[in-house]
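Trainee: No letters, just coordinates:
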């Protein structure tokens with residue numbers, strides 16, 4: 001089913017820029033047009049967890065798990081450990097995902113690595129949206145991008161320093 005009006009009303013999102021809509025406003029708009037189970041799937045995507053049911057939602061989740069597994073394999077290789085116990089099942093395979101993760105870990109700065117991984121997720125969302133730009137695939141892709149955009153605009157140097165200091169203190173106290 002196509003949702004021409006809903007998709008046409010969604011703002012354009014750019015990686016690294018503050019989204020012009022909140023997740024709450026997005027979900028409210030979606031609840032006016034979509035079935036309850038589709039809204040539930042969007043909520044799961046926005047929380048970066050496995051969405052229930054639906055072919056489109058499962059395609060997104062498989063791509064997310066594939067990316068996470070590729071990250072696990074690279075990190076395990078870098079630490080000279082076995083990744084097998086951390087690998088999660090999924091269906092499908094994308095060489096571009098493997099290449100994107102390898103490219104991300106070629107960067108020395110951890111922030112740049114994370115940015116590249118999220119750019120790969122953004123690209124996966126674009127690919128998913130192409131299957132039905134005005135259908136649920138396009139709406140779910142928007143949710144993925146909204147989650148990523150919110151994450152990057154929510155990063156704050158001072159808050160990050162405070163979190164690191166708290167972790168260091170907690171670690172020192174537990175010894």
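Mentor: Yes, it's here. Since the structure is predicted, the reported quantities are computational estimates derived from the model, not experimental observations.
Trainee: packing partners for the helix or strand harbouring residue 76?
Mentor: In the assignment (DSSP states H and E), residue 76 maps to helix 55-78. Packed against helix 55-78 by the contact rule (3 or more Cβ pairs under 8 Å, 6 or more residues apart in numbering; DSSP states H and E) you find helix 36-46, helix 95-105, helix 110-130, helix 136-153. In this view, the C-beta of every residue, glycine as well, is placed from N, C-alpha and C.
Trainee: and residue 13, which of those helices is closest to it?
Mentor: Closest to residue 13 of these, according to Cβ to Cβ: helix 136-153, at 4.6 Å.
Trainee: What separation do you get for residue 156 and residue 113?
Mentor: 19 Å (Cβ to Cβ, to the nearest Å).
Trainee: coming back round to it: quick check: which of the helices and strands packed on helix 55-78 is nearest to residue 65?
Mentor: Smallest distance to residue 65 across the helices and strands packed on helix 55-78 (Cβ to Cβ): 10.2 Å, for helix 95-105.
Trainee: buried residues in the closest one?
Mentor: 97, 98, 100, 101, 104, 105 (16 or more other Cβ atoms under 10 Å).
Trainee: The residues you listed into JSON lines, with extra columns for distance to residue 44 and pLDDT?
Mentor: Compiled in JSON lines, those are given as follows (distance: Cβ to Cβ, whole Å; pLDDT from 0 to 100):
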{"residue": "97", "distance to residue 44": "20", "pLDDT": "95"}
{"residue": "98", "distance to residue 44": "25", "pLDDT": "93"}
{"residue": "100", "distance to residue 44": "23", "pLDDT": "97"}
{"residue": "101", "distance to residue 44": "23", "pLDDT": "97"}
{"residue": "104", "distance to residue 44": "24", "pLDDT": "97"}
{"residue": "105", "distance to residue 44": "27", "pLDDT": "97"}
